[in-house]
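Q: Need coordinates for the following:
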Amino acid sequence: MILVDTCVIINYLRAPTPEIKKIFQKNEIAICGVVMAELLRGAVSEKQFNQLKSSLECFEYIPFEQGDWDSLARLLYTLKTNGIAVPFQDAMIALLAIKTDCQLWTTDHHFSILQSVLPELKLFTPVK
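A: Numbering: from 1, shown residues only. Okay, here's the model as predicted:
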């Protein structure tokens, strides 16, 4: 399974290349609540909000569960002690990718930084 970051879905919705379409069609794609919220907040109308929400239902959903908050706190502490600062939501997404053993598909450089401390974070790289 591939957990997709917000930036990947935005690119897919704006300008879906044949390569990106193929990856979405041939793989099990997942999103999480953070990605869903980031996407939905970009809606410019109620109609667009509802259409986008409906289109996101085709993806597997990975929930952030009660016990994940302790894990997130530990991760953020580890990052801090290693002098690494990344957006809170990126740490949440990385934690879910690791927890569910998903590859994470993103174009956000913060995740390569996270990977320096979290070698178990697997980043998906599309074959060109």
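
Q: When you work out contacts or count neighbours from here on, use the C-alpha atoms and nothing else.
A: OK.

Q: okay, residue 75: pLDDT?
A: The per-residue pLDDT reported for residue 75 equals 93.

Q: Now do the contacts for it.
A: With contacts taken as Cα atoms under 8 Å, 6 or more residues apart in numbering, residue 75 has the following neighbours: 91, 95.

Q: can you list contacts of stretch 8-24?
A: 39, 105, 106, 107, 126, 128.

Q: Start and end of it, how far apart?
A: End-to-end distance of stretch 8-24 (Cα to Cα, to the nearest Å): 11 Å.

Q: In it, which residues are buried?
A: 9, 24 (16 or more other Cα atoms under 10 Å).

Q: if we can go back for a sec, of all the contacts of stretch 8-24, which comes closest to residue 90?
A: residue 106 (10.4 Å; Cα to Cα).

Q: From what I see, that closest one and residue 5 are in contact.
A: Yes - contact criterion Cα atoms under 8 Å: residue 106 and residue 5 qualify, at 5.2 Å.
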